[in-house]
Each structure stands twice: as C-alpha cells, then as structure tokens.
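> Structure for the following, please:
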Amino acid sequence: MGRTGNALVTCALLASGSAFATQYLTAEEAQQVMFADATTFKPQPLELTAAQMRDVQKLAGLPARSVQWRVMSAWHGETLLGYVVLDEVVGKYELISYAVALTPDATVRQIEILTYRESHGFEIRSPAWRKQFVGKSAQAGLAIGEGISNISGATLSSNHVTDGVRRIAAVVQVALKK
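Numbers count the residues shown, from 1 in each chain. Sure thing, here's the model as predicted:
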C-alpha cells in the first residue's frame, strides 16, 4: 500500500473513532434488562441545584461533575420500581457508556456497560464484577478495595466506572430518594 493508501486508512480509523468500540446495549435495551417487570419508563429530568451538587460531593467524595443527568423512572403500574441513570466516564483514553439501575431508596440494583471503546479492560462487562455493585449505596461499599474488586488489566476502567456509580448513587440519594 502506498503513502496515499496508508493516509486514507489512517483517516478512516480516526474518523470512525475507536477501532475497538463495541456497543452491547442501547439505553432502551438496558432499561428493559434492568427493570424487566416495568410497564412504563418515564423521563425524569434532573437538574441539580448548587446545594445538591455540594451534597453529592460530600456524600460521594467526588464532584457531582454535571448539573444535568439523564434519568428514567421505571414503573409497574402506579408503583415506582426505581431509576435508570445513564452516564459516561473515561476508561484509559476512551469513553465508557454505562447505565445504573437504582431502587427508590438509592441502592444499586444493577449496572450495565452500554458501549466500551477501549482496546483492553472489557472485563468490566463480566457479570461477576458488575454483581459486586448490587445492594450498595453511596455511603457503603462503592469503592475499589472497599466492596468492589479491581480488575488487573482494567484498572482505570474499573476505578472510573466504580467512581461513576458511586457518584450516581449519591445523585439519586440527594435528588430523588423516596
């Protein structure tokens, strides 16, 4: 392949984003997986106040990072089952899109990796690793080494997703807990 051919391949790879990107679930598919018994999902616009952002930082030990959050409430008839919060964190270099399902009392019900764009570290999709989050809250067990195990070869992805889940649990506790 000549110089022009190499340049075209390079441009094509750069234009397409990560050559390793894999979409596992859409947001809608994740909602259905995490709340299979839900009959309705309703958008739950969430915009944190300055005071709520401070409360999230105190509770999570991390900045709230954003005023606006993408949240859906899951319902079975008139009964609130919980919330699905969508977020993205940086793995090592690329964004990891994920969803967190939380109960109305702000404990983690489930997490799902939606899109993983890194060349390594995809082990965070492992059901065993994701199951560690279930039943935990912003105050207890949502940190690497304190309830969540690190994954060798996926250290940054493990840490960043764990921090993101803790942040989301704090956001839901501060702004939506029933």
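> C-alpha from now on. contacts and neighbour counts both.
Fine.
> Go through this protein and flag its longest strand.
strand 79-90 (DSSP state E).
> Against which helices or strands is that strand packed?
strand 68-76, strand 95-102, helix 155-175 (3 or more C-alpha pairs under 8 Å, 6 or more residues apart in numbering; DSSP states H and E).
> ok, 10 Å please
helix 27-34, strand 40-43, strand 68-76, strand 95-102, strand 108-116, helix 155-175 (3 or more C-alpha pairs under 10 Å, 6 or more residues apart in numbering; DSSP states H and E).
> what's the closest of the ones you listed to Phe122?
Nearest of the helices and strands packed on strand 79-90 to Phe122, taken as C-alpha to C-alpha: strand 108-116 at 6.9 Å.
> Who does the closest one pair with, and is each partner parallel or antiparallel?
Neighbouring strands of strand 108-116 in its sheet, by DSSP bridges, are strand 22-23 (antiparallel), strand 95-102 (antiparallel).
> and the angle for the longest one with helix 27-34?
In other words, strand 95-102. Counting by axes from the mean of the first three to the mean of the last three C-alpha atoms, to 10 degrees, strand 95-102 lies at 40 degrees to helix 27-34.
> Number the chain from 47, please
In the new numbering, first residue 47, that becomes strand 141-148.
> Just want the angle from strand 141-148 to helix 201-221.
40 degrees.
> tell me the mean pLDDT over strand 141-148?
Mean pLDDT, strand 141-148: 96.
> Mind putting the strands paired with strand 154-162 into JSON lines with distance to Arg171 and mean neighbour count?
Converted to JSON lines, those look like this (distance: least, C-alpha to C-alpha, whole Å; neighbours: other C-alpha atoms under 10 Å):
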{"stretch": "strand 68-69", "distance to Arg171": "11", "mean neighbour count": "14"}
{"stretch": "strand 141-148", "distance to Arg171": "10", "mean neighbour count": "25"}
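> okay, which residue is most central for the chain?
In the chain, the centroid-proximal residue (C-alpha atoms, centre = their mean) is Tyr144; its distance is 3.4 Å.
> Grab the nearest non-local neighbour of it.
Ile159 (4.3 Å; C-alpha to C-alpha, 6 or more residues apart in numbering).
> Now for that neighbour, how many residues are close by?
Neighbour count for Ile159, taken as other C-alpha atoms under 10 Å: 24.
> one step back: send the alpha carbons of the longest strand of the chain over as PDB?
This file holds the C-alpha atoms of strand 125-136, laid out as PDB (Å, rounded to 0.1, in the frame of the first residue of the first chain):
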ATOM      1  CA  THR A 125     -45.600   1.600  41.600                       C
ATOM      2  CA  LEU A 126     -42.200   3.200  41.300                       C
ATOM      3  CA  LEU A 127     -39.600   0.400  40.800                       C
ATOM      4  CA  GLY A 128     -36.600   2.700  40.600                       C
ATOM      5  CA  TYR A 129     -34.400   4.800  38.300                       C
ATOM      6  CA  VAL A 130     -32.100   4.200  35.400                       C
ATOM      7  CA  VAL A 131     -29.300   6.800  35.100                       C
ATOM      8  CA  LEU A 132     -27.100   7.000  32.000                       C
ATOM      9  CA  ASP A 133     -23.600   8.200  32.200                       C
ATOM     10  CA  GLU A 134     -20.100   8.100  30.600                       C
ATOM     11  CA  VAL A 135     -16.700   8.000  32.100                       C
ATOM     12  CA  VAL A 136     -13.200   7.900  30.600                       C
END
